[in-house]
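Participant: Could you look at this predicted model? Sequence included:
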Amino acid sequence: MTSELLKDLMQQSKSLTVSEKMKLIIYLARTVSQEKKPARKWTDIRSVLHNPDYITDTQEWVLRTRSEEDEHLEQKMIGKIAMNEN
């Protein structure tokens, strides 16, 4: 789309009613959400997977997530035991 066409559409939208503007916004939002992103090729992400920093970050994330989940479950169990004692 040329910038002239965009400017023209923006100018024309000024004459629309609020209801018509809302319909236009909804239409544009739907068309944008329906546009698909191009699929990534394995060759594009292969280098990322071989990057040692990426692997380390992933391992740290997994360990941290597991640790947080363990702590959460432990606190949950402590809360249940305390409730049963009362």
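Facilitator: Here it is on my side, so go on. Please read these numbers as outputs of a predicted model, since none were measured by experiment.

Participant: so where do the helices sit in this structure?
Facilitator: Along the chain, the stretches classed as helices by DSSP state H are 3-13, 18-34, 42-49, 52-85.

Participant: As JSON lines, those helices with mean neighbour count and mean pLDDT would be great.
Facilitator: In this view, the C-beta of every residue, glycine as well, is placed from N, C-alpha and C. Shown next, in JSON lines, are the helices of the chain (neighbours: other CB atoms under 10 Å; pLDDT from 0 to 100):
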{"stretch": "helix 3-13", "mean neighbour count": "10", "mean pLDDT": "92"}
{"stretch": "helix 18-34", "mean neighbour count": "10", "mean pLDDT": "86"}
{"stretch": "helix 42-49", "mean neighbour count": "9", "mean pLDDT": "65"}
{"stretch": "helix 52-85", "mean neighbour count": "10", "mean pLDDT": "78"}
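
Participant: Break this structure into its domains for me.
Facilitator: By the record's domain assignment, the chain is partitioned as 1-35, 41-86 (automatic domain parsing).

Participant: give the contact list for the spatially most central residue of the chain.
Facilitator: The residue lying closest to the centre of the chain (CA atoms, centre = their mean) is residue 33, at 12.9 Å. Contacts for residue 33 (CB atoms under 8 Å, 6 or more residues apart in numbering) come out as none.

Participant: Can you give me the separation between it and residue 27?
Facilitator: 11 Å (CB to CB, to the nearest Å).

Participant: can you check residue 21 too?
Facilitator: In terms of CB to CB, residue 21 sits 11 Å off from residue 27.

Participant: And residue 13, by the same measure?
Facilitator: 12 Å.

Participant: Check residue 78 too.
Facilitator: Counting by CB to CB, the gap between residue 78 and residue 27 amounts to 53 Å.

Participant: just checking, residue 16 touches residue 24?
Facilitator: Yes. Between residue 16 and residue 24 there is a contact under CB atoms under 8 Å: 6.7 Å.

Participant: Could you tell me which residues touch both of the two?
Facilitator: Joint contacts of residue 16 and residue 24 (CB under 8 Å, 6+ apart) do not exist.

Participant: Perfect, I'm done here.
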